[in-house]
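> The following block contains a protein sequence and its predicted model.
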Amino acid sequence: MTQKLTGMMNDPTCALPSGDVFRKVFENIQTAILIIDPAAHRIVDANPLAEAITGRSREELVGNMCHEFICPAHRGECPITDFHQDLHNVEREIITKGGERIPILKTVAKAEIRGREYLIESFIDIIDRKKAEERQAALIGYLSEAILRVKKPLELMQQDFQDLAGQAAGGDFDAEDLRMQLQIHANNLGRIIINLEELQQKAIAGREEDIPREFKDFITGA
Amino acid sequence: MSHGDRGSSLCLLLASADRVNDLSFRVVRKTLKSGCIPLVVTINKPCKVLIKVYEKDGIDPASYYVIDAVTKYSGGECTPGPRVRYVNTPSDLTELGIAITELLRRMPAGKKCIVFDSVSMLLIHAPSATTSKFLHFLVNKLSLADVSGIFLCVEKGLDPVIVSQMSAFVDHIVDTDKDDSLTCPL
């Protein structure tokens, strides 16, 4: 898109005042855009959404080096200019003014503007999507925990009740033997109900920290 | 077959729910045959019932030791004996750990093997993360004491994290629905 706009800007037959069109789109598009000078790794322009996501004004951004300022990559480790990677809709992070790292979906395109090559970095904030994924992982975690702590023990208890029926029919087990086993199962059922209530409360409260990190990673494939 | 320099072995045995009880006394019988003294940790059956079930299968009550985590929990009478140790409730994992340590110490010298029946029932009383930590603690303790351990569990009754953690600290994971030979070495 940026290359098309650049083309429009340079097209003498285009009826609209090219600079105005580019600037209007640049300022109103719902995608954050940073224009980077790849030789110096300096930010040369930033649109309002890039200002909003980074928490820095255009004046703060322009002229600054991109690495370790807004990009977590260190000097000499730029994925584009040093490692020659193709970044197209990939999950990355951007550093905000407050030092927070925000997950973004990023594309970097090279474009020539008035004879010079620039990097057009466009990105969207995916923090809500990441939160939703975390929430989904937590819910699956609670569901798995419920199956572990309810379904499997219930399967065992079902088998035990069948054994109990057999014991009651035979003469080897006295009334106290049967009573104790029935009482254990009654207590276990009570415990299972409490477990379910606790799991439900935690799931409603969204206490994701109760789900082990390894489990989240397993679910999300991280 | 042992793990590293140990003479003992640690094994997680998986079975479908309808086969776990059957597996328990088969494992005890096999343990006895191999010259090991079993210490059965029961999270499901009171000791009094367990003894009767095992006796019906020809297992002498004088041949094994029991940690009983459910007789007190059921309000039953705890008949004291040199071969049994009672725990107040299965949810008290600290007391369970102490009871295992003390009874192992009290048992005569020679090859010993813990038969844990079962990990799945323990999950009623403790979250999977706590159960995993307890099992890790127990397995370390058994390894240091050169005691074998067989942990019974309902097939697919453990979350992948517990299985992956346990695979790191047990020597064998055997799905008995696929391999019923109980070749898990002691």
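That came in fine, so what should we check first?

> what about the chain, any weak spots by pLDDT?
Looking at chain A here, since you left the chain open. The model of chain A has pLDDT under 70 over residues A:1-18, A:206-222.

> hmm, I had chain B in mind actually
Along chain B, segments meeting pLDDT under 70 span B:1-7, B:156-162, B:165, B:179-186.

> change it to 50
Along chain B, the parts satisfying pLDDT under 50 run over B:1-4.

> Give me the residues contacting the lengthiest strand in chain A.
Taking residue count as the measure and DSSP state E as the definition, the longest strand of chain A comes out as strand A:101-113. Residues outside strand A:101-113 that contact it (CB atoms under 8 Å, 6 or more residues apart in numbering or on different chains) are A:2-3, A:6, A:9, A:32, A:38, A:53, A:72, A:80, A:87-96, A:117-127, A:129-130. Where you see a C-beta, it was placed from the backbone N, CA and C, and this is true even at glycine.

> Any quick ChimeraX command for the buried ones out of those?
Selection command for ChimeraX covering only the buried members of these, criterion 16 or more other CB atoms under 10 Å in any protein chain shown:
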select /A:2,6,9,32,38,53,80,92,94,95,118,119,120,121,122,123,124,125,126
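
> How many neighbouring residues does residue 59 have?
Using chain A. The local packing count at residue A:59 equals 9, with neighbours defined by other CB atoms under 10 Å in any protein chain shown.

> my question was about chain B
Under the neighbour criterion other CB under 10 Å, residue B:59 is assigned a count of 19.

> That one falls within a helix, correct?
No - if the criterion is DSSP: H, G, I helix; E, B strand; the rest coil, then residue B:59 is coil and not within a helix.

> Phi, psi for it please.
In terms of degrees, to the nearest 10, the main-chain angles of residue B:59 are phi -100, psi 120.

> which residue packs closest to residue 139, ignoring adjacent ones?
This is for chain A. Spatially, and ignoring its direct neighbours in sequence, residue A:139 is nearest to residue A:203 (6.1 Å; CB to CB, 6 or more residues apart in numbering or on different chains).

> Switch to chain B, please.
Leaving out its chain neighbours, residue B:139 is closest to residue B:169 (CB to CB, 6+ apart), at 4.7 Å.

> wait, that neighbour sits on residue B:141?
No - taking contact to mean CB atoms under 8 Å, the distance of 11.2 Å between residue B:169 and residue B:141 leaves them out of contact.

> if we look at the strand or helix carrying residue A:155, which residues are touching it?
Secondary structure assignment for residue A:155, by DSSP states H and E: helix A:152-169. Contact with helix A:152-169 is made by A:173, A:177-178, A:181-182, A:185, A:188-189, A:192, B:17-18, B:20-21, B:44, B:118, B:120-121, B:123-124, B:154, B:156-157, as judged by CB under 8 Å, 6+ apart.

> Show me these that map onto strands.
Cross-referencing the contacts of helix A:152-169 against strands under DSSP E gives residue B:154.

> which of the contacts of helix A:152-169 are buried?
Buried subset of these (neighbour count, 16+ other CB under 10 Å): A:173, A:177, A:181, A:185, A:188, A:192, B:17, B:20-21, B:44, B:118, B:120-121, B:123-124, B:154, B:156-157.
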